[in-house]
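Participant: Structure here, sequence nowhere to be found:
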């Protein structure tokens with residue numbers, strides 16, 4: 001009787017082998033990068049809630065949803081990930097993605113709130129300042145956008161697209177020389193050699 005029980009348990013254990021979430025995430029990211037967003041999401045779905053990479057998988061799944069224009073679905077994943085207390089490494093990126101998805105839906109006030117909430121916790125996140133500036137560009141509030149792109153560049157001077165949008169914001173306000181200088185810097189920014 002005990003032999004049958006052990007065999008039964010071993011057979012069941014073999015059917016429920018642990019998932020290597022790191023490998024699954026790598027596979028899904030490759031699919032995402034090749035434009036196969038739905039397939040990437042299917043692979044991310046295989047990572048369980050108790051996995052140590054669960055929050056990371058939710059973040060990556062939200063990115064794939066955004067790329068596939070599934071904005072509402074992506075918001076669900078961001079909300080879930082932000083609501084979890086463990087695995088906080090992805091939290092700054094989650095605030096960026098959450099705001100980006102709201103911006104994609106043209107819910108600009110909510111997007112700004114998401115970026116502001118992230119900035120309260122992560123005041124040195126250049127991407128939160130940058131993406132908040134993009135919302136102001138979309139709303140044609142160029143003065144506010146200009147200030148945010150300046151703050152972005154104070155935290156990360158190598159974020160070359162911030163130089164570009166700083167130039168656009170300046171030009172839209174009639175600031176020709178600062179605008180042109182920013183656009184020239186944009187063309188010449190190179191990341192430091194490490």
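Facilitator: Yes, it's here. Since we're looking at a predicted model, the values are computed, not measured.
Participant: can you give me the helices in the protein?
Facilitator: For the chain, applying DSSP state H gives helices covering 2-15, 21-33, 37-44, 54-67, 71-83, 91-104, 108-121, 126-138, 142-155, 160-172, 176-188.
Participant: Report the angle between the fourth one and helix 37-44.
Facilitator: Pointing back at helix 54-67 there. Counting by axes from the mean of the first three to the mean of the last three Cα atoms, to 10 degrees, helix 54-67 points 170 degrees away from the direction of helix 37-44.
Participant: so can I have TSV of the helices of the chain showing mean neighbour count and mean pLDDT?
Facilitator: Glycine gets a C-beta too; all of them are placed from N, C-alpha and C. Output for the helices of the chain, formatted as TSV (neighbours: other Cβ atoms under 10 Å; pLDDT from 0 to 100):
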stretch	mean neighbour count	mean pLDDT
helix 2-15	9	49
helix 21-33	16	89
helix 37-44	20	92
helix 54-67	24	94
helix 71-83	19	96
helix 91-104	23	96
helix 108-121	18	97
helix 126-138	22	97
helix 142-155	20	97
helix 160-172	21	94
helix 176-188	14	83
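Participant: now what about stretch 135-149, what contacts it?
Facilitator: With Cβ atoms under 8 Å, 6 or more residues apart in numbering as the test, stretch 135-149 has contacts from 99, 103, 108, 111-112, 115, 129-130, 132-134, 162-163, 165-166, 168-170, 172-173.
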